[in-house]
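In: here is a sequence with its predicted model. Questions after.
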Amino acid sequence: MKKIMFLCTGNSCRSQMAEGLARELGKNLLEVYSAGLNPQGVNLKAVSVMKEISIDISHQISKQIDENLLNQMDIVITLCDNAGESCPWTPPHIKRLHWSLNDPAQSSGTEEEIMNEFRRVRDDIKTRIINLIEEIKNGQEI
């Protein structure tokens, strides 16, 4: 079982969606966590777009990075440039990946346009997690 942590600035949208997706798609393969540099609470729009694909993240909580837990990870994935630049140093045994994703909570427009941006980011994360899981299953160097 690989331990994986998704990091973002607020641990409210991207990292929460990634946690829910990885937990669902990586059953029996991944032990999944998420955290943020400055936790803001789980965004209700993120909860809503995840429910659309039958994944309930409403029980998840926004968490501060725990460096002891972080140091137990096999893989740490930062999902925003701020987290990528500000994330605490990780030991060399931890694989660091960076997925630069727009923050859907910062999008503007009509309610439908904003929700579509949440869906776009959700679907991008899902594709990346599916690819990551395939790499892990195939024993590829991540």
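Out: Good, I have the coordinates.
In: what ranges do the strands span in this protein?
Out: Along the chain, counting by DSSP state E, strands occupy 2-8, 30-36, 75-78, 95-98.
In: what does the second one contact?
Out: Strand 30-36 is contacted by residues 1-12, 15-16, 18-19, 22-23, 26, 60, 62-66, 69-70, 73, 83, 133, 136 when judged by CB atoms under 8 Å, 6 or more residues apart in numbering. Placement of C-beta: from N, CA and C, glycine included.
In: out of the residues you listed, which are inside helices?
Out: Judged by DSSP state H, helices contain the following of the contacts of strand 30-36: 15-16, 18-19, 22-23, 69-70, 83, 133, 136.
In: quick check: which ranges of this protein have low pLDDT?
Out: Applying pLDDT under 70 to the chain flags residues 82-89, 141-142.
In: which one of the ones in helices among the contacts of strand 30-36 is nearest to Arg120?
Out: Ala18 (14.3 Å; CB to CB).
In: once you drop chain neighbours, what's closest to the closest one?
Out: Phe6 (4.1 Å; CB to CB, 6 or more residues apart in numbering).
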